[in-house]
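**Student:** Next comes the sequence, and after it the predicted model I'd like to discuss.
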Amino acid sequence: MFQGLTQFHCAETEKYAHVTFFFNGGVEKQFENEERFMVPSPKVATYDLLPEMSSVGVADKMVEQIKSKKHPFVMCNFAPPDMVGHTGVSVTAVIMFHLGKDTNLTTNLLLKVYEAAVKACEATDRAIGRIFEACKENGYVLMVTADHGNAEKMKAPDGSKHTAHTCNRVPFTCSSKDFKFKKASVSFVTESSKKVLRLFS
């Protein structure tokens, strides 16, 4: 909480804990002046079947809050790249790859998973784009980052599926029509909270 200022946290079901419990330092209790909203995640067997997940619903709520200017600090988490990334390459495709059987089917399975990851990232990109426009029109600073990689690596070097987080570098970008930001040669995710606090100081 910033000197009594209000804040809004939003995510779909799969990432709700990340914008509440984890973001608040492992504290489950809702802070004073903190508003929360959870968008239901879709009911599917695996998220590669609906890679967009509920990104539109999260973006809708964020744009609504930004336009209302009710809260000086609003934040959200987009689930698709991470959750679809966790599906990895299908086990069937991996087995067939190692056995050298049904190459066409194996290729199709690999492409299907890859395409799902691409759709997840595209959906998130569109959602962030909508939030960016709302921020620009309503005087908010937009910050975008991630705490790990995942969707960029769906298959391990040996052909097996890769479902874990990666340590690849992630973006940390700031955008505003009222502020100019310096380009840092090296930055860390831990710097994001400092930058937020600096903007409110």
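**Tutor:** Cool, got the structure.

**Student:** is it true that residue 71 touches residue 8?
**Tutor:** Yes - counting by C-beta atoms under 8 Å, residue 8 is a contact partner of residue 71 at 4.3 Å. For the C-beta atoms, the positions are set from N, CA and C on the backbone; glycine is no exception.

**Student:** Which of the two has more residues huddled nearby?
**Tutor:** Ranked by neighbour count (other C-beta atoms under 10 Å), residue 71 and residue 8 place residue 8 first, with 22 against 18.

**Student:** Which is the succeeding secondary structure element to the helix or strand the more buried one falls within?
**Tutor:** In this structure, residue 8 sits in strand 7-12 according to DSSP states H and E. For strand 7-12, the succeeding helix or strand toward the C-terminus, using DSSP H and E, is helix 16-19.

**Student:** contacts for that next one?
**Tutor:** Contact partners of helix 16-19, identified using C-beta atoms under 8 Å, 6 or more residues apart in numbering, comprise 9, 10, 11, 36, 38, 75, 76, 77.

**Student:** Reformat these as CSV; add neighbour count and pLDDT.
**Tutor:** Formatted as CSV, the contacts of helix 16-19 follow (neighbours: other C-beta atoms under 10 Å; pLDDT from 0 to 100):
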residue, neighbour count, pLDDT
9, 23, 98
10, 24, 99
11, 25, 98
36, 14, 98
38, 20, 99
75, 15, 97
76, 24, 98
77, 21, 97
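
**Student:** out of these, what pair is the most spread apart?
**Tutor:** Of all pairs drawn from these, the widest gap by C-beta to C-beta lies between 38 and 75 and measures 13.6 Å.

**Student:** shared neighbours, these two?
**Tutor:** The contact sets of residue 38 and residue 75 overlap at residue 10 (C-beta under 8 Å, 6+ apart).

**Student:** Break down the protein into its strands, ranges please.
**Tutor:** Secondary structure of the chain, counting by DSSP state E: strands at 7-12, 34-39, 73-77, 142-145, 172-175.

**Student:** need the ones you listed in TSV with distance to residue 84, can you?
**Tutor:** TSV is the format used below for the strands of the chain (distance: least, C-beta to C-beta, whole Å):
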stretch	distance to residue 84
strand 7-12	13
strand 34-39	17
strand 73-77	14
strand 142-145	18
strand 172-175	22
